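**Student:** here you go, sequence then predicted model.
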Amino acid sequence: MKISINKESAVPIRDQLIEQLGLQIASGTLAAHEKLPSIRALADRLGVHYSTITAAYNHMAEVGLLEVRQGSGVRVASTGRKSEAQDAALNLDEMFSEFVARASERGYSNEQVQACLGSLKARKPVKRILAVDANKDFHKVIVGELAPHFKIPVETITPQELLADLGQMKESLLVASLYHLFSFQKHVNDLTRLVACNIEPARVEMEAVANLPAQSLVVLVSVSPTLLHMASNLVAAMRGEEVAVRAIERDEQQELKYIVKHANLFVCDSLSEETVAAIAPRNKMKVFTLYSPSTIELIKDRLAKWG
């Protein structure tokens, strides 16, 4: 089990743990019934207070993702899903027959099942991607990253705005991190219109920072002041006073041109890549993205199958 936390992040450590564990469970990286580290062991490993781990485990137990039992520790809850091998062995007819049988066991009639299928057939196609994030300062970056990959509009919304007007979900494919997903998931009637993703932790970029010699200068470039602040804190936490950090917003062209000859490494968001590439050598650049290629492919796949 791989867990990476950022103590400088504005996201509470409890929520970082919930998001990362939830994604590993959803992707199958953590299998049903797999035993997790004890509260004390994980707290020691991550260097956090045991109460933080307790809060994360308890929350995930409440939503049915974990089982916490006295004497047997913490395990991934059984989701009732078959293994990949078993699932692949089922053809569509067999899966549908299983669905009808389960519906019947729960008291649903044949007419109700047919009505459900009829509503699925009659539903309207997805007309936009709606990315959910509480930080409006990220919205421009989110749209800039996602929009080039899709032919339909990409728009953004906060969880609070979505909950205030649930009609926003209509004809939308919702894209959200697990951290935000918990706040509105119960209001989503059609889970094929929801994509849970993880925000990239910039491991490659931070590895480049870690490998810089002392007295180097790292220049951070973004359209988002919040991202610049978070990245500055992350670099400072990693290297302390060994390296200097300069955070510059993309539109500060004069300052970028001045500092280029002094910089050892540029780390920029995707919206700033073209600006930085015009003045800095490519071998001194690292481009940070919020969404991984696998997330982009997941969204494309969902649109192709259910959009």
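**Tutor:** All right, it came through fine.
**Student:** using CSV, write down the CA coordinates of whatever helix or strand residue 245 lives in.
**Tutor:** Element membership of residue 245 [criterion: DSSP states H and E] is strand 244-249. Written as CSV, here are the backbone C-alpha positions of strand 244-249 (Å, rounded to 0.1, in the frame of the first residue of the first chain):
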residue,chain,number,x,y,z
ALA,A,244,16.1,29.1,-3.6
VAL,A,245,12.5,29.3,-4.8
ARG,A,246,10.9,32.0,-6.9
ALA,A,247,7.1,31.8,-7.7
ILE,A,248,6.1,33.9,-10.7
GLU,A,249,2.6,34.2,-12.3
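**Student:** what pairs with it, parallel or antiparallel?
**Tutor:** Strand 244-249 has the following strand partners under DSSP bridges: strand 217-222 (parallel).
**Student:** what's the average pLDDT for the strand it pairs with?
**Tutor:** Here strand 217-222 scores 95 as its mean pLDDT.
**Student:** now the strands for the stretch 51-200 of the chain?
**Tutor:** Using DSSP state E, counting those that start in this stretch, the strands assigned to the stretch 51-200 of the chain run over residues 66-69, 73-76, 128-132, 154-157, 172-177, 194-197.
**Student:** make TSV from those and add mean pLDDT to it.
**Tutor:** As requested, these are exported to TSV (pLDDT from 0 to 100):
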stretch	mean pLDDT
strand 66-69	85
strand 73-76	89
strand 128-132	94
strand 154-157	95
strand 172-177	90
strand 194-197	84
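**Student:** would you list the ones you listed in CSV and tack on distance to residue 100 and mean neighbour count?
**Tutor:** Glycine gets a C-beta too; all of them are placed from N, C-alpha and C. Shown next, in CSV, are these (distance: least, C-beta to C-beta, whole Å; neighbours: other C-beta atoms under 10 Å):
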stretch, distance to residue 100, mean neighbour count
strand 66-69, 30, 16
strand 73-76, 29, 18
strand 128-132, 32, 22
strand 154-157, 36, 20
strand 172-177, 27, 24
strand 194-197, 24, 20
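**Student:** good, wrapping up.
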